[in-house]
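Enquirer: Dropping the sequence and predicted coords here.
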2 protein chains.
Amino acid sequence: MIIRKTEEVEAIEAVEGGAVGVKMRVLLGEPEGVPNFVLRYFHVEPGGASPRHSHTWEHEVYVLEGGGSVFEGDKEHKISPGDAVLVPPNQEHQFKASNTEPLVFLCIIPKK
Amino acid sequence: MIIRKTEEVEAIEAVEGGAVGVKMRVLLGEPEGVPNFVLRYFHVEPGGASPRHSHTWEHEVYVLEGGGSVFEGDKEHKISPGDAVLVPPNQEHQFKASNTEPLVFLCIIPKK
């Protein structure tokens, strides 16, 4: 059994694809020996966003704090704490914090 | 893309294996078309607990609110919000709320 405290896991600045103000903590991943999926924690600063992109794997997201939007292609959906989001494989998407609040969420992906 | 609000998802009383005071919401599962893993939300009332058991699949857990313990066999680990827990396959485990607070957490499992 492995127990990790979020604040003790290193936060990595995510810069790929034009991400702005996005920090990621990999809470449970390959070094912890996960069999199938990776649990990641994201903090997007106010006004920041992940890149609008698509890929062959899904996201399962749970919003923890703050607020913002998820884009389904060009369609904007407001999201807030307690929302669970399934981004299916190959769907264009983007996560964006509001201009006044951060957007903090968990994002689970399959192990590569 | 599917977005579901936790409070709008039906809470099911979990009674299998001797669970006490445990309610589960399946936020993203087979009906939502998840490709690989299922995102579930648990609320364990103060003094309640999931059964002490083991199975062939892993749990990845994130503690949202309240407090309590996870048992690794007979070994007790205190857990609190922001803790991520990997329960590997075939490890005996149990989640227990404290006597004064609920224990609220996400638990991700592989799709069957």
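Expert: Received it, and whenever you're ready, just let me know what you need.
Enquirer: close to chain B, is the lowest-mean-pLDDT helix or strand in chain A?
Expert: In chain A, the helix or strand scored least confidently by mean pLDDT, DSSP states H and E is strand A:12-14, which has a mean of 94. No: Strand A:12-14 lies out of reach of chain B by Cβ under 8 Å from any Cβ of the partner chain, never closer than 15.8 Å. Glycine gets a C-beta too; all of them are placed from N, C-alpha and C.
Enquirer: Summarise which helices and strands that strand is packed against.
Expert: strand A:20-28 (3 or more Cβ pairs under 8 Å, 6 or more residues apart in numbering or on different chains; DSSP states H and E).
Enquirer: residues making contact with the least confident helix or strand of chain A?
Expert: Residues outside strand A:12-14 that contact it (Cβ atoms under 8 Å, 6 or more residues apart in numbering or on different chains) are A:22-26, A:42, A:50.
Enquirer: how far does that strand sit from the chain's center?
Expert: 12 Å (Cα atoms, centre = their mean, to the nearest Å).
Enquirer: Just checking: what are the partner strands of it?
Expert: According to DSSP bridges, strand A:12-14 forms sheet pairs with strand A:20-28 (antiparallel).
Enquirer: neighbours of A:Ile12, just the number please.
Expert: When counting by other Cβ atoms under 10 Å in any protein chain shown, one arrives at 12 neighbours for A:Ile12.
Enquirer: what do you get for A:Val9?
Expert: Neighbours around A:Val9, by other Cβ under 10 Å: 18.
Enquirer: ditto for A:Glu92
Expert: 15.
Enquirer: Ok, A:Cys107 next?
Expert: Quick note: A:Cys107 (other Cβ under 10 Å) scores 18 neighbours.
Enquirer: what angle separates the helix or strand that it is a member of from strand B:103-110?
Expert: Per DSSP states H and E: A:Cys107 is located in strand A:103-110. If you take axes from the mean of the first three to the mean of the last three Cα atoms, to 10 degrees, strand A:103-110 sits at 30 degrees to strand B:103-110.
Enquirer: Neighbouring strands - and their directions - for strand A:103-110?
Expert: strand A:37-49 (antiparallel), strand A:59-66 (antiparallel).
Enquirer: I'd like the distance from that strand to the chain centre, please.
Expert: 4 Å.
Enquirer: what's the average pLDDT for it?
Expert: Strand A:103-110 shows a mean pLDDT of 98.
Enquirer: Kindly report the same for stretch A:50-70.
Expert: 97.
Enquirer: Buried residues, that stretch. List them.
Expert: Residues of stretch A:50-70 classed as buried by neighbour count (16 or more other Cβ atoms under 10 Å in any protein chain shown): A:50, A:57-64, A:66-70.
Enquirer: can you dump the C-alpha coordinates of that stretch into CSV?
Expert: What follows is stretch A:50-70, C-alpha atoms only, in CSV (Å, rounded to 0.1, in the frame of the first residue of the first chain):
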residue,chain,number,x,y,z
SER,A,50,-4.3,23.5,-20.8
PRO,A,51,-3.8,23.2,-24.6
ARG,A,52,-6.8,22.6,-26.8
HIS,A,53,-5.9,19.2,-28.2
SER,A,54,-6.9,15.6,-28.6
HIS,A,55,-5.3,12.2,-28.2
THR,A,56,-6.2,8.5,-28.4
TRP,A,57,-6.8,8.0,-24.6
GLU,A,58,-9.6,9.2,-22.4
HIS,A,59,-9.6,11.5,-19.4
GLU,A,60,-11.7,11.0,-16.3
VAL,A,61,-11.7,14.3,-14.3
TYR,A,62,-13.1,15.3,-10.9
VAL,A,63,-13.2,19.0,-10.1
LEU,A,64,-11.9,19.7,-6.5
GLU,A,65,-11.7,23.5,-6.1
GLY,A,66,-12.2,26.8,-7.9
GLY,A,67,-14.0,27.1,-11.2
GLY,A,68,-13.7,27.4,-14.9
SER,A,69,-14.6,25.6,-18.1
VAL,A,70,-14.0,22.5,-20.2
